[in-house]
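Asker: using only what follows, build the 3D model:
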Amino acid sequence: MVTTVFTNGRILCPSSWGSFVSTLVVEDNHIAHVGWDNDKSVVQVKATASTVDLKNRMVLPGFIDGHVHILNFGMSLQKLDLLSCKNLADIRNSVTSYAATHPSDPRILCRGWVQSITDGNALATVLDDLDPRPIYIEALDLHSTWCNNAALQELEADSKHDPPG
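Answerer: Numbering: from 1, shown residues only. Modelled structure (predicted):
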């Protein structure tokens, strides 16, 4: 059995929401105990366990989705990452290269677009000559999408009325 004792931390206590304790014991990748350094279960395993000093850092035991959109993150890993692009030319080159190496993809999905580097030129027509397939580019903040005219057709955007407001 592999046991690790995390000490000297601020560990959110799952049994008493909002309370913190100092120690977390993990046995074989499962949380075995959340409490204090002098708890009997901690003292018993501490001599043979590896110890990690948390240096007063905070730990939130268990799986907690703190509004991180874990499913969307997983799906985003399959998209072309544009975060390293420094200008519009970089984006165009990255999309063109990706399209050439992924000829069987029905559409080109991208993420990590930093809107400020396109300087107001994020128009569908700027992407139209890169590939005939729909191209969707998500903004880094996930609040905007830039796409080509093939994508707008796929979305039937022309048939949608602009809502009031």
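Asker: look at the spatially closest residue to residue 76 that is not a sequence neighbour and give its secondary structure.
Answerer: Nearest-residue entry for residue 76: residue 111, 4.8 Å, with adjacent residues in sequence omitted and distances by Cβ to Cβ, 6 or more residues apart in numbering. Yep, even glycine has a C-beta here, placed from its N, CA and C like the rest. Classification of residue 111 by DSSP: H, G, I helix; E, B strand; the rest coil places it in strand.
Asker: for residue 111, grab the count of nearby residues.
Answerer: 21 (other Cβ atoms under 10 Å).
Asker: so which residues make contact with the helix or strand bottoming out on mean pLDDT in the chain?
Answerer: Lowest on mean pLDDT, DSSP states H and E among the helices and strands of the chain sits helix 70-76, with a mean of 78. Helix 70-76 is contacted by residues 111, 138, 142 when judged by Cβ atoms under 8 Å, 6 or more residues apart in numbering.
Asker: can you tell me how far the first one is from residue 52?
Answerer: Spelled out, that is residue 111. Distance of residue 111 to residue 52, given as Cβ to Cβ, to the nearest Å: 33 Å.
Asker: that older thread, grab the CA positions of the least confident helix or strand of the chain and hand them over as CSV.
Answerer: Written as CSV, here are the backbone C-alpha positions of helix 70-76 (Å, rounded to 0.1, in the frame of the first residue of the first chain):
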residue,chain,number,x,y,z
ILE,A,70,-14.0,19.9,-17.3
LEU,A,71,-16.0,18.3,-20.2
ASN,A,72,-15.4,21.2,-22.4
PHE,A,73,-11.7,21.2,-21.5
GLY,A,74,-11.4,17.6,-22.5
MET,A,75,-13.1,18.2,-25.8
SER,A,76,-10.9,21.3,-26.4
